[in-house]
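Asker: Coordinates only, no sequence provided:
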C-alpha cells in the first residue's frame with residue numbers, strides 16, 4: 001500500500017473529476033494521502049475533504065510566496081484548526097526565492113512563526129524550498145525545529161544537504177523529478193538516503209513523473225515514484241511501498 005504524503009486535491013485542477021482521480025489512486029494501491037493547504041481557500045477546502053474521506057488527512061500552513069498576505073489572525077486560525085484530529089502537520093511553509101511577491105525578510109519571519117507554532121502544537125513541519133536552501137537550513141537550526149522534525153517536501157538538494165536535514169529530524173520526500181531522465185541530484189539522493197528516512201509524494205497537480213511530465217499530476221502516479229526508488233536502490237517495489245508508508249504513518253501519528 002502506498003502513502004502519498006503531499007497532494008493538492010484541493011486545487012481547481014481537480015474540481016471536475018475529483019471522484020475519478022481518487023478512484024484511480026485507490027486502484028493503484030494508494031491507501032492514504034495528505035492534502036496540503038497553504039492559504040485560506042486551500043486550507044478550507046482541505047478541511048472539507050478530510051471530513052468527507054476517511055483516508056485523507058490535512059496539513060495546514062502558509063506558503064512563502066504569499067507570506068506578505070498572512071495576518072496574525074490567519075496564524076491564530078491555523079493554530080485553532082491544528083487541534084482537529086485529522087490535521088497531521090503544519091505546512092507547507094518555508095522559503096521561495098524564485099518569485100518576488102513576498103520580500104525575503106517577510107518570508108523568513110512568517111516561516112519562523114510557523115516553526116514556533118508547530119513546536120507549540122507538537123506537529124511536524126512540511127518544508128517548501130525553492131532557491132533558498134542555506135537560509136532554510138539556518139532557520140531550522142536557529143528555531144530548533146529538530147524538536148518536532150518534519151518533511152523536506154519534493155527535495156531537490158544534494159545528498160550532503162539531505163544528510164544535514166536528516167540530522168535535524170527531517171525526512172526526505174521525493175516526487176516526480178526522481179523519474180526524470182536528466183535529474184541527477186534526486187537520483188543520487190534516492191540512492192544515498194536510507195529507505196527508513198524516505199517518503200514519497202506527487203505534489204499533484206504539479207510535477208508529474210515520467211512519462212506524464214508536463215501533464216496534470218495525480219496521486220495514482222506516486223506508484224511510478226516508488227518504482228523508480230526501488231530500481232535505484234536495488235530493492236523490491238513492495239519494500240519501498242511498505243517502508244515509506246510506515247515512515248509516513250509514524251511521522252504523522254496515524255495508526
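Answerer: Here it is on my side, so go on. For clarity, every value in this text was computed on a predicted model and none was experimentally measured. Residues are numbered from 1 along each chain as shown.
Asker: Could you list the buried residues of the biggest helix by length in the chain?
Answerer: When the chain is scanned for its longest helix (criterion: DSSP state H), the result is helix 104-121. Buried residues in helix 104-121, defined by neighbour count with 16 or more other Cβ atoms under 10 Å: 107, 108, 110, 111, 112, 113, 114, 115, 117, 118, 119, 121. The C-beta positions use only the backbone N, C-alpha and C, and glycine is treated the same way.
Asker: Stretch 248-255 too?
Answerer: Across stretch 248-255, burial judged by 16+ other Cβ under 10 Å covers 248, 251, 252.
Asker: Also stretch 152-159?
Answerer: Of all the residues in stretch 152-159, those buried under the rule 16+ other Cβ under 10 Å are 152, 153, 154, 155, 156, 157.
Asker: for stretch 218-225, same thing?
Answerer: Neighbour-count burial for stretch 218-225 [16+ other Cβ under 10 Å]: 218, 219, 220, 221, 222, 223, 224, 225.
Asker: Dump those to a markdown table, plus pLDDT and secondary structure.
Answerer: Output for those, formatted as a markdown table (pLDDT from 0 to 100; DSSP: H, G, I helix; E, B strand; the rest coil):
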| residue | pLDDT | secondary structure |
| --- | --- | --- |
| 218 | 98 | coil |
| 219 | 98 | helix |
| 220 | 98 | helix |
| 221 | 98 | helix |
| 222 | 98 | helix |
| 223 | 98 | helix |
| 224 | 98 | helix |
| 225 | 98 | helix |
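Asker: count of residues packed around residue 90?
Answerer: Residues near residue 90, counting by other Cβ atoms under 10 Å, number 27.
Asker: Could you do residue 232 as well?
Answerer: For residue 232, the count of nearby residues is 18 (other Cβ under 10 Å).
Asker: likewise the one 10 residues further on?
Answerer: Using other Cβ under 10 Å, residue 242 is surrounded by 15 other residues.
Asker: Distance of it relative to residue 127?
Answerer: Separation of residue 242 from residue 127 (Cβ to Cβ, to the nearest Å): 25 Å.
Asker: again with residue 21
Answerer: According to Cβ to Cβ, residue 21 stands 26 Å off from residue 127.
Asker: Please say which of these two ends up with more neighbours.
Answerer: Higher neighbour count among residue 21 and residue 127: residue 127, with 28 against 19, using other Cβ under 10 Å.
Asker: who's the more buried one bridged to?
Answerer: Counting by DSSP bridges, residue 127 is bridged to residue 93, residue 152.
Asker: unless I'm mixing things up, it is touching residue 92, no?
Answerer: Yes - here residue 127 reaches residue 92: they are 7.0 Å apart, a contact under Cβ atoms under 8 Å.
Asker: quick one: common contacting residues for those two?
Answerer: The contact sets of residue 127 and residue 92 overlap at residue 153 (Cβ atoms under 8 Å, 6 or more residues apart in numbering).
Asker: Sketch out the strands for this structure, chain order is fine.
Answerer: Applying DSSP state E to the chain gives strands spanning 2-7, 30-37, 56-60, 87-96, 125-130, 150-152, 170-174, 198-200.
Asker: what is the orientation angle of the fourth one with strand 56-60?
Answerer: What that stands for is strand 87-96. With axes from the mean of the first three to the mean of the last three Cα atoms, to 10 degrees defining the directions, strand 87-96 sits at 40 degrees from strand 56-60.
Asker: buried residues in strand 87-96?
Answerer: Residues 87, 88, 89, 90, 91, 92, 93, 94, 95, 96 are the ones in strand 87-96 that count as buried (16+ other Cβ under 10 Å).
Asker: Same check on the second one?
Answerer: For strand 30-37, burial by neighbour count (16+ other Cβ under 10 Å) applies to 30, 32, 33, 34, 35, 36, 37.
Asker: and the residue found closest to the first one once you drop the neighbours it is linked to in the chain, how many neighbours does it have?
Answerer: Nearest residue to residue 30 in three dimensions, chain neighbours excluded: residue 2, at 4.6 Å (Cβ to Cβ, 6 or more residues apart in numbering). The burial count assigned to residue 2 is 25, neighbours taken as other Cβ under 10 Å.
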